[in-house]
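*Asks:* Predicted model and sequence follow; I will ask about them next.
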Amino acid sequence: MGNIKRFDLKRIITEYRTDCFFETGTFRGEGVEHALEYSFGRVISCEIIPEIAQAAAKKFSGEPRVKIVEADSMTALKKELPGVNERCVFWLDAHFPGADAGLTAYDAEGSEDIRLPLEKELETIRRLRPKGRDVMIIDDLRIYEDGPYENGNVPADALPKMNRSIDFVYRYFGRSHFVLKLYRDEGYLLLFPKRKYRKKHFRFSTLFTWKMEEDFYLKDKNKM
């Protein structure tokens, strides 16, 4: 389970001029609560489990910036994104709905696009947001590949039955975004628009090395 509080949203808002927070997987509403601490003009969160979505809608009913969408992530993205003109911070839950609530498993029955929706989510965002100006933070990288994660790799007996690869991330956003991997918790993917990221982090040394120091926009950089 990822933690959006690790990331400096104030700095991201300032540097990338984002004004919308779009979350897939509401759960207890902690992501929404955290987003409301910042200057986002609107906060959209979708939740596929009706009871959780309805509880969140009631919880945030008095907050005009918040919209809770009771739907799977692809349906919510297709429905809401055409009306979003602002640049977004997307907080994407890479794994199956209900996992954090203990309601399902990797090998549960059902469409793989519902249980492991990330590829379809990114394809939808790419198609509906072709300018590529949004920031994306994605949790649970370890579902898609092994690595030196703080909380370890996915246990062998719980591995999803799919081709574990993030090639699709580069296919959809490799040209427009830098794709950074962070191994805190269960792993994160961070996608930053190249033009803005390069402008902010350019150093003359890159003229010779063609490398830039990766900036994960963490609040606690010294504890990476």
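*Replies:* Structure received.
*Asks:* so the closest residue in space to residue 173 that isn't next to it in sequence, which of the three states?
*Replies:* Once flanking residues are discounted, residue 173 sits nearest to residue 191: 5.5 Å by CB to CB, 6 or more residues apart in numbering. Yep, even glycine has a C-beta here, placed from its N, CA and C like the rest. Per DSSP: H, G, I helix; E, B strand; the rest coil, the secondary structure class of residue 191 is strand.
*Asks:* what do you get for the one 4 residues further on?
*Replies:* In terms of secondary structure, residue 195 is helix; the call rests on three-state DSSP.
*Asks:* Would you confirm that residue 67 contacts residue 41?
*Replies:* No: contact criterion CB atoms under 8 Å: residue 67 and residue 41 do not qualify, at 11.7 Å.
*Asks:* ok, these two, which is more surrounded?
*Replies:* Of the pair residue 67 and residue 41, residue 67 is the one with more neighbours under other CB atoms under 10 Å, namely 17 against 10.
*Asks:* Kindly state the beta-bridge partners for the more buried one.
*Replies:* Per DSSP bridges, the residues bridged to residue 67 are residue 44.
*Asks:* so who does it touch?
*Replies:* Residue 67 makes contact with 42-45, 80 under the criterion CB atoms under 8 Å, 6 or more residues apart in numbering.
*Asks:* Let me see the ranges of the strands in the chain.
*Replies:* Per DSSP state E, the chain carries strands over the ranges 18-24, 42-47, 66-70, 87-92, 135-139, 177-182, 188-193.
*Asks:* Can you tell me which of the ones you listed is nearest to residue 166?
*Replies:* strand 188-193 (6.9 Å; CB to CB).
*Asks:* Of the contacts of residue 67, which pair is most distant in space?
*Replies:* 43 and 80 (11.5 Å).
*Asks:* More neighbours: the two, which one.
*Replies:* residue 43 (23 against 18).
*Asks:* Any figure for the gap between that one and residue 129?
*Replies:* 17 Å (CB to CB, to the nearest Å).
*Asks:* Lovely, talk soon.
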